[in-house]
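Student: Quick one, fold the following:
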Amino acid sequence: MNSIKKSSSLVKNYVLILSLLVIYLSFKSSNQWSRLPIGNETIDWIVQLVFIYILFQFKNIFSSSLIDKNFKFVQFYLFWNLVCSLRGIFIAENYWEWKMLISTSFLLLLPLITYLTNSIIVVQIIVGTWFKYALIVFVFFSPFLLGDAVGKFLIPISFLLLFYPILNTKWKTIVFLFSLYTVTFDISARSNLIKFSIPFLIGLLFYLKNRLTDKILNLARQFFLFLPITLFLLGISNVFNVFKLDEYFGEQVVQIRSSTGEKVEENLIADTRTFLYTEVIESAIKNGYVLWGRTPARGNDSVSFGDYNKEKLHTGKQERFSNEVSILNIFTWLGIIGVVLYFLIFFRSSYLAINQSNNIFIKLVGLNISFRWAFGFVEDFSTFDLSNIFLWIMIGMCFSETFRKMSNNEMKDWVQGIFESPIGFRSIKTTQQLKLK
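Tutor: Below you'll find the predicted structure:
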């Protein structure tokens with residue numbers, strides 16, 4: 001009996017610590033655009049190390065032949081990430097490359113989060129704790145935020161937009177107002193508009209659930225999954241470049257306020273991506289790491305940004321450690337093999353969500369997952385932040401039989417229970433019960 005109580009207490013502590021770390025990571029996620037940065041690199045590394053350690057503990061708790069089978073694509077991806085990180089040990093040559101290797105290796109272990117989703121209680125508590133405390137803190141912290149920071153901090157709001165129709169009136173109002181604030185805070189922060197409006201529109205599909213067949217959802221899923229690949233092929237063949245919209249529609253110039261408070265003009269559809277693709281691909285071909293990747297210790301050769309690393313950081317290499325476009329980073333660090341494994345996770349999780357789920361909500365989460373694959377060709381920073389944490393939570397929900405077997409009413413109860421997270425803590429009585437919930 002004492003061992004059961006001890007195990008239960010340990011699990012509760014793990015969940016509590018994870019919940020608090022997620023709140024801390026809200027600040028880290030927005031630090032790049034904040035006039036009041038919170039924490040430092042040493043604290044960040046400690047947080048990430050503790051975070052990953054706890055994820056490993058939960059992986060052991062939830063490990064079973066059934067779960068391992070369902071999560072095999074995540075396991076393949078994690079294995080390849082580990083192989084590339086180990087290769088990086090033999091490639092890193094200076095302080096900055098070792099630093100890059102450690103930081104990126106933490107990031108590449110984030111898919112372990114998917115194992116948490118085998119417990120609806122754990123996910124509910126983590127999300128509920130964030131909504132209970134982080135939103136209040138945000139109100140006082142927001143005056144110090146600029147540009148993309150608001151959207152980075154409020155990523156859990158975009159997650160809840162997928163369930164917007166079943167929120168009560170109070171939370172519908174709160175979520176809507178915070179979303180509206182996010183997308184209007186800085187019109188030049190285009191990613192905020194996309195990452196909040198698309199989940200909202202997907203969530204509204206709930207009202208069409210009686211007409212929304214799996215066939216229709218699969219067509220939408222396939223559209224998101226294969227559109228970026230098609231556009232990429234059209235782009236490299238010089239047939240059509242989706243990033244050069246200003247050549248087709250003209251410049252869309254607006255006045256924005258810069259971080260110094262000055263008004264400056266910005267073209268909202270300016271091409272800021274083509275040269276990144278060019279540099280990344282040319283670097284991979286030139287240095288022969290197209291298939292295997294350059295490991296998390298290295299970045300791509302960059303004429304545009306490499307001088308800083310070479311001259312200021314004294315690396316002696318004209319490289320850029322990472323780019324704003326997620327898929328380019330996956331390709332640089334893990335090669336074509338990593339990109340394919342990464343794609344299979346999105347492909348399989350969205351397929352299971354839409355075709356093997358008893359409730360409409362996981363189907364919509366699956367559709368959003370396919371959208372996030374497409375968005376990864378445009379942006380999605382590769383950092384240890386809330387955006388990636390909630391991305392892997394959603395992927396895990398799609399893989400999890402626990403979530404997929406729930407009915408619409410059970411999912412509605414689960415979503416409403418997010419705002420009653422203390423109940424979740426009282427529900428964890430034994431580790432065995434936690435596995436079943």
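Student: Look at residue 303 and give its secondary structure.
Tutor: In three-state terms, and counting by DSSP: H, G, I helix; E, B strand; the rest coil, residue 303 is coil.
Student: I'd say residue 388 and residue 107 touch.
Tutor: Yes. Proximity of residue 388 to residue 107 meets the contact threshold set by Cβ atoms under 8 Å, at 7.2 Å. (Each C-beta comes from the backbone N, C-alpha and C, glycine too.)
Student: list residues touching both of those two?
Tutor: Residues touching both residue 388 and residue 107 comprise residue 382, with contact defined as Cβ atoms under 8 Å, 6 or more residues apart in numbering.
Student: Could you list the low-pLDDT ranges of the stretch 151-300 of the chain?
Tutor: By pLDDT under 70, the low-scoring segments of the stretch 151-300 of the chain are 245-271.
Student: For it, just list every one of the helices.
Tutor: Under the criterion DSSP state H, counting those that start in this stretch, helices of the stretch 151-300 of the chain are mapped to 155-160, 169-185, 190-204, 214-236, 246-249, 274-287.
Student: what's the most buried one of those?
Tutor: For the helices of the stretch 151-300 of the chain, average neighbour numbers computed from mean count of other Cβ atoms under 10 Å are highest in helix 155-160, which has a mean of 24.
Student: Please compute how far that helix lies from its chain's middle.
Tutor: 11 Å (Cα atoms, centre = their mean, to the nearest Å).
Student: cool, and stretch 47-65?
Tutor: Computed by Cα atoms, centre = their mean, the chain-centroid distance of stretch 47-65 equals 18 Å.
Student: rounded to a whole number, what's the mean pLDDT of it?
Tutor: The predicted model gives stretch 47-65 an average pLDDT of 87.
Student: Need the helices of the stretch 151-300 of the chain in a markdown table (columns: distance to residue 28).
Tutor: As requested, the helices of the stretch 151-300 of the chain are arranged in a markdown table below (distance: least, Cβ to Cβ, whole Å):
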| stretch | distance to residue 28 |
| --- | --- |
| helix 155-160 | 12 |
| helix 169-185 | 18 |
| helix 190-204 | 17 |
| helix 214-236 | 28 |
| helix 246-249 | 34 |
| helix 274-287 | 24 |
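Student: Quick one: closest of those helices to residue 369.
Tutor: The minimum distance between residue 369 and the helices of the stretch 151-300 of the chain falls on helix 214-236, with 8.5 Å, by Cβ to Cβ.
Student: The closest one to helix 190-204, inter-axis angle?
Tutor: Relative orientation of helix 214-236 and helix 190-204, computed by axes from the mean of the first three to the mean of the last three Cα atoms, to 10 degrees: 160 degrees.
Student: ok, residues contacting helix 214-236?
Tutor: Helix 214-236 has contacts (Cβ under 8 Å, 6+ apart) with 240-243, 274, 277, 281, 327, 343, 346-347, 350-351, 354-355, 363, 366-367, 370-371, 373-374, 376-378.
Student: Sort out for me which of those residues are in helices.
Tutor: Among the contacts of helix 214-236, the ones falling in helices (DSSP state H) are 274, 277, 281, 327, 343, 346-347, 350-351, 354-355, 363, 366-367, 370-371, 373-374.
Student: Just confirm residue 124 contacts residue 414, I think it does.
Tutor: Yes. Contact criterion Cβ under 8 Å: residue 124 and residue 414 qualify, at 6.2 Å.
Student: higher neighbour count, those two?
Tutor: Using other Cβ atoms under 10 Å as the criterion, residue 124 and residue 414 rank with residue 124 on top: 23 against 19.
Student: ok, now how distant is the more buried one from residue 403?
Tutor: Using Cβ to Cβ, to the nearest Å, we find residue 124 at a distance of 11 Å from residue 403.
Student: same question, residue 207
Tutor: According to Cβ to Cβ, residue 207 stands 21 Å off from residue 403.
Student: out of those two, which sits in the busier spot?
Tutor: Comparing residue 207 with residue 403 by other Cβ under 10 Å, the one with more neighbours is residue 403, at 24 against 10.
Student: Not counting residues beside it along the chain, what's closest to the more buried one?
Tutor: Of all residues beyond its chain neighbours, the one nearest residue 403 is residue 397 (4.6 Å), with distances taken as Cβ to Cβ, 6 or more residues apart in numbering.
Student: Go ahead and confirm that neighbour touches residue 368.
Tutor: No. With contact defined as Cβ under 8 Å, residue 397 does not count as touching residue 368 (10.3 Å).
Student: which residues does residue 319 bridge with?
Tutor: Residues found in beta-bridge contact with residue 319 (criterion: DSSP bridges) are residue 301.
Student: In contact with it, which residues?
Tutor: When the contact criterion is Cβ under 8 Å, 6+ apart, the partners of residue 319 are 283, 298, 299, 300, 301, 302, 306, 309, 310.
Student: For residue 57, give me its contacts.
Tutor: By Cβ under 8 Å, 6+ apart, the neighbours of residue 57 are residue 14.
Student: List the buried residues for whatever helix or strand it lives in?
Tutor: Applying DSSP states H and E as the criterion places residue 57 in helix 41-62. By neighbour count, and taking 16 or more other Cβ atoms under 10 Å as the criterion, the buried residues in helix 41-62 are 44, 47, 48, 51, 52, 54, 55, 58, 59, 61, 62.
Student: with the residues you listed in mind, which one is nearest to residue 92?
Tutor: Relative to residue 92, the closest of the buried residues of helix 41-62 is residue 48; by Cβ to Cβ it sits at 18.1 Å.
Student: That closest one against residue 383, yeah?
Tutor: No. Under the criterion of Cβ under 8 Å, residue 48 makes no contact with residue 383, lying 10.5 Å away.
Student: related to what we said a few turns ago, and of the helices of the stretch 151-300 of the chain, who's closest to residue 69?
Tutor: Proximity to residue 69, assessed across the helices of the stretch 151-300 of the chain by Cβ to Cβ, is greatest for helix 214-236 (22.2 Å).
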